[in-house]
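>>> Here's a sequence, model it:
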Amino acid sequence: MAAADLVFTGGSRGGRAFLSDAARSTARAVAVTDGRISAIGHDLSEMIGPDTEVVDLAGGLLVPGFQDAHVHPVWGGLDMLRCDLSGLATREQYLARIAEYAAEHPDDEWILGGGWQMSAFPGGTPTAADLDAVVPDRPAFLPNRDGHGAWVNSRALALAGITTETTDPADGRIERGAGGAPSGTLHEGAMGLVNRLLPAEPVERLVEALVQGQRYLHSFGVTAWQDAIVGTEYGDAGDPLPAYRAAAATGELTGRVVGALWWDRSRGLEQIEDIVERRAAGSVGRFRARSVKIMQDGVAENFTAAMLEPYCDGHGHPREDSGISFVEPELLKEAATRLDALGFTLHFHAIGDRAVRECLDAVEAALLHNGPRGNRHHISHIQVVHPDDVPRFRALDVTANMQMLWATLEPQMVDLTIPFLGDTRSAWQYPFGDLLRSGAVLAAGSDWSVSTPNPLAAMHVAVNRRSAPTEWEGDYPPFLPEQAIDLGTALAAYTSGSAYVNHLDDTGTIAVGMRADLALLDRDPFEHPVEEIGLTEVRGTWVEGVRVYDAADGAAGDSRGRSGGVETQDLG
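Numbers count the residues shown, from 1 in each chain. Now for the predicted structure:
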C-alpha cells in the first residue's frame, strides 16, 4: 500500500478509534492521505513511509471531529476580548471584574462584554444602581450568559431615552422598579433600544474575534459548526458574515462552517429576497450560508418562552402571561414554506412547548405544500416539549438539536425555571430519551457563549443528567434520569448527527473516503465510569488531516514543513 501522510496507531500503550457509524465500530489504526481517510484497520504499519507523520493514540480515543450545530463563535470571541464575566458566579465578583475592566480600558466609549448568570441576582434581574457604582461615567451594556437579557447602567438608559414613560416593545420587556422606572435589566427585544446605539465593530476586529473563538472551539475537538445567527438582531453592528467571508478568503477559517442567516422578526416575507442574496454572497471557502435562523420565542426565566399554558408565579399560582411567539404562527408557516422551496435549511429556536409546536406546524405546512425536499430542518433547545409533539419530530423529519449541557439541576433551574414552569411542564424538559425512542434524528450544539462549548461536558450531562465535574454548580440529584441517553448516542449526535444537519456528508464518521476531520481524546470514556465522562480532555484536533490544535502547546499546529523520516507525535 502507498505511504500515508498521517497514521494514527495504538502503539505500545493501546488506544482505538470510534468510527461513529451505525454499528459503533472501532479500529486500532487510521491512515490519512491528501486530507481524507485512506485506510482503517488493526495494523497499518505498511502505510508508514519516510515522510509519514505517526500519532500514537497512547490509550486515548480517536473520534470524528465534533460538530457544534448551534454556536456563536464570533460573539463568543468578542466576549473573550471584552469584559468577560463567564467564569464568575456572584454579584460581587461581577462588579469587581467590571470595575477592573473599566479601569484597564479608560478610552473605551462603552463598557461591553457579558456572561453573567441570572441566578446571581434576585429574580434574575441586576440593577443599574449596582452598575452605576463601578461605571458612573460611560454607558455599559452587558448581556447575560443566555443572550436574552442585558444589564445596563443609568448612562445607557439615558442615551437610549428609556424612561418611566417608555413602553415595552412587542417582543421584549423593560424590567421596572417602583413607579415603573426602568431598573437596569432589559429582556429580549428591549435590548435593541440600547444595542442599536453601540459603535460598529470594524471587520478586522470581528475577524480577530472569529479567530479567537475558532481557536477555543478547536481546543475542544470541534472541527465544524453552524453559526446560529449570521446577521444581527438589532442592526448591522457585529454581523459575523463579513468576518467569515474575510477569514475564509484568506484561509484563516480552518473550521467548516454553515451560517444560519438571521430572520428579522420586525419584517415580513419581503426579506426573503434579501436572504437569498446573502446566501449567494456568503459562500466562500469553508463557509456556506445555507440555513435560516428563526427565533420563535425567548426563555422561560424571563417569561418570554412561548408556553401553551400560563406561567406560574413561583408560588404555584398561575400568572396571566404565557410568553411571546416572536413570529406570528401563520406568517411562520408561510415563511417556512417559501424558504423550504428555495432549498434553505430551517434552524428554529424554540424553548417553550407552544414555540416547539408552532415550529413543527410550520415544517408540516412546508411539507404539505412542497413535498419532502431533504432540507434537514432542525429545532434547537427543545427545552419544554409537550408529549404529543415528541413523535412529530420523526414523522416530519425534523432533527432535535440538543443543548445537552442544560439538562441538569443547577441554581437557575432550581430557583427560577422550575418554579415558573410548575411541576407538570418541568417534567417535560429536555426529553432526549423520549426523542431517541421515538426515532428522531439527534444533533448537538453548545450555544456558546451561552455555555461552555466543551462536547465532553455536554455528553456527561446527557448520560448522567447531572453537571460535569468541570461545570459543577451544586450537589443535586439527577434531573429526570429517565431521559438520559447512552454515551454512544450522545457522541454520534455531536458528530454524525450534527454533520447531517450541516449537510457535511463527507464528515462526521471515520470511514475510507471521508474527510480527515478528527479529534484525539486523552482517554477512552467508554472504558471509564460514566460519572467520569466530563473529565475527558482533547489532546489534538485535525481538519482535513492538518493539526489545528495540540494540547502540548495549547495552540494550532503548523501544517508546513514536515521533516524527513518518520515523525512520531505522542500527544500524551
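>>> isn't Ser20 right up against Ser498?
No: proximity of Ser20 to Ser498 does not meet the contact threshold set by Cβ atoms under 8 Å, at 10.8 Å. (C-beta placed from N, C-alpha, C; glycine too.)
>>> who's more crowded, the two?
Ser498 (33 against 22; other Cβ atoms under 10 Å).
>>> can you give me the helices for the stretch 151-300 of the chain?
Along the stretch 151-300 of the chain, counting by DSSP state H, counting those that start in this stretch, helices occupy 154-160, 192-195, 203-219, 241-250, 272-281.
>>> send the alpha carbons of the second one over as CSV?
Output for helix 192-195, consisting of C-alpha atoms alone and laid out as CSV, is shown next (Å, rounded to 0.1, in the frame of the first residue of the first chain):
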residue,chain,number,x,y,z
GLY,A,192,-32.4,46.6,21.0
LEU,A,193,-33.3,50.0,22.5
VAL,A,194,-29.7,50.2,23.7
ASN,A,195,-28.0,47.7,21.3
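>>> what's the offset of that helix from the middle of its chain?
From the chain centre to the centre of helix 192-195 is a distance of 23 Å (Cα atoms, centre = their mean, to the nearest Å).
>>> on contacts alone, who are the packing partners of that helix?
Other helices and strands packing on helix 192-195, by 3 or more Cβ pairs under 8 Å, 6 or more residues apart in numbering; DSSP states H and E, are strand 149-152, helix 154-160.
>>> Pairing partners for the shortest one, with directions?
Translated: strand 149-152. strand 140-143 (antiparallel), strand 182-188 (antiparallel) (DSSP bridges).
>>> among those, which is nearest Val512?
strand 140-143 (45.2 Å; Cβ to Cβ).
>>> got a list of contacts for that closest one?
Outside strand 140-143, the residues that touch it by Cβ atoms under 8 Å, 6 or more residues apart in numbering are 83, 85, 98, 110-116, 131, 149-153, 155-156, 191, 194-195, 198.
>>> Give me the buried positions along stretch 13-23.
15-20 (16 or more other Cβ atoms under 10 Å).
>>> Identify the residues contacting it?
With Cβ under 8 Å, 6+ apart as the criterion, stretch 13-23 contacts 8-10, 24-30, 40, 56-64, 491-492, 495-496, 508-511, 524, 526, 572.
>>> end-to-end on it?
25 Å (Cα to Cα, to the nearest Å).
>>> and it, how far out from the chain's middle?
Distance of stretch 13-23 from its chain centroid, counting by Cα atoms, centre = their mean, is 26 Å.
>>> and what of stretch 41-50?
38 Å.
>>> Likewise for stretch 483-502?
With Cα atoms, centre = their mean, you get 14 Å for stretch 483-502.
>>> what's the burial count for the closest residue to Thr127 other than its chain neighbours?
Closest residue to Thr127 apart from its sequence neighbours, by Cβ to Cβ, 6 or more residues apart in numbering: Gly184 at 4.4 Å. Counted with other Cβ under 10 Å, residues neighbouring Gly184 total 26.
>>> where's the residue most central in space within the chain relative to Val385, distance?
The centre of the chain sits closest to Asp447, judged by Cα atoms, centre = their mean, with a distance of 2.3 Å. Separation of Asp447 from Val385 (Cβ to Cβ, to the nearest Å) stands at 17 Å.
>>> Please apply the same query to Thr399.
14 Å.
>>> Output the below-cut-off pLDDT ranges for the stretch 51-200 of the chain.
Within the stretch 51-200 of the chain, no stretch has pLDDT under 70.
>>> Now render the strands paired with strand 149-152 as JSON lines, adding distance to His105.
Below are the strands paired with strand 149-152 laid out as JSON lines (distance: least, Cβ to Cβ, whole Å):
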{"stretch": "strand 140-143", "distance to His105": "12"}
{"stretch": "strand 182-188", "distance to His105": "21"}
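>>> helices and strands of this protein: which one bottoms out on pLDDT?
Sorting the helices and strands of the chain by mean pLDDT, DSSP states H and E puts strand 567-570 at the bottom, at a mean of 35.
>>> ok, so what distance separates Trp110 from Glu201?
11 Å.
>>> what about the closest residue to Phe344 other than its chain neighbours, how many neighbours?
Leaving aside its chain neighbours, Phe344 sits nearest to Val292 (4.8 Å; criterion: Cβ to Cβ, 6+ apart). Look at Val292: counted by other Cβ under 10 Å, it has 28 neighbours.
>>> How about the one 5 residues further on?
Applying other Cβ under 10 Å, we find 29 other residues in the vicinity of Asp297.
>>> How many neighbouring residues does Gly114 have?
When neighbours are counted by other Cβ under 10 Å, Gly114 comes out with 22.
>>> How about the one 5 residues further on?
If you count neighbours by other Cβ under 10 Å, Ser119 ends up with 19.
>>> thinking it is in contact with Gln412, fair?
Yes: between Ser119 and Gln412 there is a contact under Cβ under 8 Å: 4.3 Å.
>>> Let me see the contact set for Lys226.
Small correction: residue 226 is Gln, not Lys. Per Cβ under 8 Å, 6+ apart, neighbours of Gln226: 68-71, 257-260, 291, 347, 445, 498, 501-502.
>>> and Leu535, how far is that from Ala457?
When Leu535 is compared with Ala457 (using Cβ to Cβ), they lie 10 Å apart.
>>> which residues are common contacts for the two?
Thr470.
>>> Look at these two and report which has more neighbours.
Neighbours were counted for Leu535 and for Ala457 using other Cβ under 10 Å; Ala457 has more, 23 against 17.
>>> where's that one, which helix or strand?
helix 455-464 (DSSP states H and E).
>>> same for that helix, what does it pack against?
Partner elements for helix 455-464 (3+ Cβ pairs under 8 Å, 6+ apart): helix 487-492.
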